[in-house]
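Peer 1: quick one, structure for this:
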Amino acid sequence: MNFDFSDDVTTMRGEVRRLLHDRFPRGAVRQQVDAGAPFDRDLWRELGAMGWLGVALPEAVGGADLGYEALCMIAEEIGGALPPAPFASSVYFAAEALVLFGSAEQQVRWLPGIAAGEAVGTVAIAEGIGDPRPGGIATVAAKGALTGVKLPVVDGDIADFAVVAAKGAGGEPGLWLVDLTAPGVTREAIESLDLVRRSVRLTLDGAAAEPLPGGQDWPAIERLLDRAAILVAFEQVGGAQAALDMAVGYAQDRFAFGRSIGSFQAIKHKLADVYVATELARSNAYFGAWAIANDAADLPVAAATARIAATDAFSLAAQENIQTHGGMGFTWDSDCHLFYRRARELAVVAGSQRYWRRRLIDRLDAQNHG
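Peer 2: Numbering: from 1, shown residues only. Down below sits the predicted model:
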């Protein structure tokens, strides 16, 4: 097995990195938030025009059909740049759900819009505090309409449609497609730690909905979460690497007692720990990229290990980046807090660490006794 990216994807990485760096150098994201417009619609369309939003989508729906290897690479670069764009919600979750479980008509209706940067999607599974589980779904589907409350729904304030988990007639949770601009849908902003990816309370009161034909059971929802977890892991690895680079750069430039603070063992050891955690997370994420690209039987285990390692690495990197910057790292004028906020937000997307550790143990136990 070769878990490294191909030469074509490596070349493409340079193009992605240059665009994101040119559009969002250090401080640009804070300026966007200060302006009260964390969603940059022009950037969203530009990403679509470059083909990056539909990089793994079929050509029949406007995608580039370059595969998941390219998508994983883009996710890693997105994680390092923190652009104000709903990439994760639209691409990892909503588009993936439509590709896996949607009808041809549903795919044609929404996927070309995502690929072109004209539409925004999200997923609504959570109903408050708690990890994903069948018993945690109280939203009900009856006669083609959904009733219930979902929160937090990331990017729900700007999304055009949502893939919603709801119980059908038999009580089994499944995935339903909801146009968020239709009657019966109410969106209420809620406080979110991440200032770029805002969340809402989504109230559905008889909102018209269509079932995703292939996603009408809990195993389908778990399959979606597994695949999204690998993509989220790449974004976390990108964020961890960016936070580490920031810390190293500051440690080299900041002098105390006549020498750079990076020469002190207390700083060296901290950053060495972050480096090791990030490289471990990257290796697990690359295994996940191989698994999702090949729809491997090991994908559930790969998803859990990638998710666990990447969450640990990003959390550690974001914390130590602030500590390395000292008092300045806690101020608004530093980007350190943006990475810390993103690390905390991604740590609970699609399930907590406890949830993924439990799933990893269950899957390994099933393999050993299978």
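Peer 1: so after the helix or strand bottoming out on mean pLDDT in the chain, what's the next helix or strand?
Peer 2: Across the helices and strands of the chain, mean pLDDT, DSSP states H and E gives its lowest value to helix 28-34, namely a mean of 82. Using DSSP states H and E, the helix or strand that follows helix 28-34 in sequence is helix 41-49.
Peer 1: so which elements touch that next one?
Peer 2: Counting contacts by 3 or more C-beta pairs under 8 Å, 6 or more residues apart in numbering; DSSP states H and E, helix 41-49 is packed against helix 7-23, helix 104-116. All C-beta spots, glycine's among them, are computed from the backbone N, C-alpha and C.
Peer 1: neighbours of residue 157, how many?
Peer 2: Residues contacting residue 157 under the criterion other C-beta atoms under 10 Å number 22.
Peer 1: can you pull the contacts of it?
Peer 2: Shown in contact with residue 157 (C-beta atoms under 8 Å, 6 or more residues apart in numbering): 187, 189, 198-200.
Peer 1: hang on, the earlier thing: and of the helices and strands packed on helix 41-49, who's closest to residue 329?
Peer 2: helix 7-23 (21.6 Å; C-beta to C-beta).
Peer 1: now the helices and strands packed on helix 41-49 in TSV, with mean pLDDT, mean neighbour count and distance to residue 339?
Peer 2: Formatted as TSV, the helices and strands packed on helix 41-49 follow (pLDDT from 0 to 100; neighbours: other C-beta atoms under 10 Å; distance: least, C-beta to C-beta, whole Å):
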stretch	mean pLDDT	mean neighbour count	distance to residue 339
helix 7-23	86	15	15
helix 104-116	98	19	26
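Peer 1: coming back round to it: now intersect the contacts of residue 157 with the strands, please.
Peer 2: Mapping the contacts of residue 157 onto strands (DSSP state E) picks out 187, 189, 199-200.
Peer 1: touching, residue 280 and residue 316? I think so.
Peer 2: No - using C-beta atoms under 8 Å, residue 280 makes no contact with residue 316, being 10.8 Å away.
Peer 1: neighbour count winner among the two?
Peer 2: Each of residue 280 and residue 316 has its neighbours counted (other C-beta under 10 Å); residue 316 has more, 21 against 16.
Peer 1: show me what contacts that one?
Peer 2: Residue 316 touches 240, 273-274, 277, counting by C-beta under 8 Å, 6+ apart.
Peer 1: show me which of those are buried.
Peer 2: For these, a burial check counting by 16 or more other C-beta atoms under 10 Å picks out 240, 274, 277.
Peer 1: using the three-state scheme, assign residue 324.
Peer 2: Recorded secondary structure, residue 324: helix (DSSP: H, G, I helix; E, B strand; the rest coil).
Peer 1: setting aside sequence neighbours, what's the nearest residue to it?
Peer 2: Leaving aside its sequence neighbours, residue 324 sits nearest to residue 247 (C-beta to C-beta, 6 or more residues apart in numbering; 4.1 Å).
Peer 1: test my guess that that neighbour contacts residue 318.
Peer 2: No - counting by C-beta under 8 Å, residue 318 is not a contact partner of residue 247; they are 9.7 Å apart.
Peer 1: more neighbours: those two, which one.
Peer 2: Using other C-beta under 10 Å, the more surrounded residue of residue 247 and residue 318 is residue 318, with 28 against 25.
Peer 1: distance-wise, check residue 355 relative to residue 109.
Peer 2: For residue 355, the distance to residue 109 equals 32 Å [C-beta to C-beta, to the nearest Å].
Peer 1: what do you get for residue 97?
Peer 2: 13 Å.
Peer 1: what do you get for residue 323?
Peer 2: 48 Å.
Peer 1: likewise for residue 85?
Peer 2: For residue 85, the distance to residue 109 - C-beta to C-beta - is 22 Å.
Peer 1: do the same with residue 280
Peer 2: Counting by C-beta to C-beta - residue 280 and residue 109 are separated by 41 Å.
Peer 1: same question, residue 213
Peer 2: 14 Å.
Peer 1: show me where pLDDT drops low in the chain?
Peer 2: 1-3, 370 (pLDDT under 70).
Peer 1: need the helices for it, in chain order.
Peer 2: 7-23, 28-34, 41-49, 68-81, 87, 96-101, 104-116, 218-253, 265-294, 299-325, 336-346, 353-368 (DSSP state H).
Peer 1: buried set for the last one?
Peer 2: Looking back up the chat, that one is helix 353-368. Neighbour-count burial for helix 353-368 [16+ other C-beta under 10 Å]: 355-356, 359-360, 363.
Peer 1: tell me the gap between stretch 107-118 and the middle of its chain.
Peer 2: Mean-position distance between stretch 107-118 and its chain equals 19 Å (C-alpha atoms, centre = their mean, to the nearest Å).
Peer 1: using PDB, write out every CA atom in that stretch.
Peer 2: Extracted in PDB, the C-alpha atoms of stretch 107-118 (Å, rounded to 0.1, in the frame of the first residue of the first chain):
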ATOM      1  CA  GLN A 107     -28.300  14.800  -6.700                       C
ATOM      2  CA  VAL A 108     -28.900  16.800  -9.900                       C
ATOM      3  CA  ARG A 109     -30.900  19.400  -7.900                       C
ATOM      4  CA  TRP A 110     -28.200  20.200  -5.300                       C
ATOM      5  CA  LEU A 111     -24.800  18.900  -6.200                       C
ATOM      6  CA  PRO A 112     -24.100  21.100  -9.200                       C
ATOM      7  CA  GLY A 113     -24.800  24.100  -7.000                       C
ATOM      8  CA  ILE A 114     -22.300  23.000  -4.400                       C
ATOM      9  CA  ALA A 115     -19.700  22.200  -7.100                       C
ATOM     10  CA  ALA A 116     -20.100  25.700  -8.600                       C
ATOM     11  CA  GLY A 117     -20.100  27.500  -5.200                       C
ATOM     12  CA  GLU A 118     -23.700  28.700  -5.700                       C
END
